[in-house]
Every structure is written in C-alpha cells, then in structure tokens.
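A.B. asks: sequence unknown, structure follows:
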C-alpha cells in the first residue's frame, strides 16, 4: 500500500485562505502548516512531523520565523532525509510541486 505524500509548511501563522488555495492546487498531497509564533521556540518540537515516513518536503517560510529556528529545521530535515524548500513569507503551489519533482521524484 502506497502512503500519501505530506508537505510540511513551517513558519508564521497559518493563513486559512492561502492554505485552502494550496490544497486546491495540490489535491493529491496532504499539506500540514505548522505555525511558529505560538509554538515552542525550539524547532525540535517538529521532529515528530519530520520523522513520519509520508513527510516528503519541508517548506520553510523565511521572513516569518527566527533564523535559528530555520537553521535547526534544516538540520532536522537532513537528519531524517527530507527535502527542504525555502520560500519567502508565502507558500507557492507551483514551487512546491517543482521541489517535489526535483527532490522526491515527483508527485504521486
């Protein structure tokens, strides 16, 4: 049985309209957006999400999170073998799809 692909978006506050648009544009992918402002300042709180087999890509929204937080997330993603995409402040469905194709062999 094939597991679904999950993209983990990390940074800022969840913007419901942006999340709805990305989910509409990428219906074959599970999108999880984890806010950083209300979370523990330690990025290690996200390790459980990164360890999941179905997580294929971590999208780090720079400009809306601490630099150290982003640095720690990149280290964790490398540890768990996940691809990383840096986007400035806002997720973009086209860039997410391109990163999945380039880094993970495509969108299933």
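C.D. replies: Arrived safely. Small disclaimer: the values here were computed from a predicted structure and weren't measured. Residues are numbered from 1 along each chain as shown.
A.B. asks: quick one: buried residues of stretch 90-97?
C.D. replies: Neighbour counts over stretch 90-97 (16 or more other C-beta atoms under 10 Å) mark 91, 92, 93, 96, 97 as buried. For every residue, glycine as well, the C-beta is placed using N, CA and C.
A.B. asks: Could you report the neighbour count for the residue lying closest to the third one once chain neighbours are set aside?
C.D. replies: Same thing as residue 93. Excluding the flanking residues, the one nearest residue 93 by C-beta to C-beta, 6 or more residues apart in numbering is residue 25, at 3.7 Å. The burial count assigned to residue 25 is 14, neighbours taken as other C-beta atoms under 10 Å.
A.B. asks: go on, residue 83?
C.D. replies: Applying other C-beta under 10 Å, we find 17 residues neighbouring residue 83.
A.B. asks: quick one: contacts for it?
C.D. replies: 56, 57, 58, 77, 99, 100, 103, 104 (C-beta atoms under 8 Å, 6 or more residues apart in numbering).
A.B. asks: of all those residues, which two lie farthest apart?
C.D. replies: Across the contacts of residue 83, the longest distance by C-beta to C-beta is 14.1 Å; it joins 77 and 100.
A.B. asks: Mind checking the pLDDT average for the host helix or strand of residue 7?
C.D. replies: Under the criterion DSSP states H and E, the helix or strand holding residue 7 is strand 6-10. Mean pLDDT, computed over strand 6-10, is 93.
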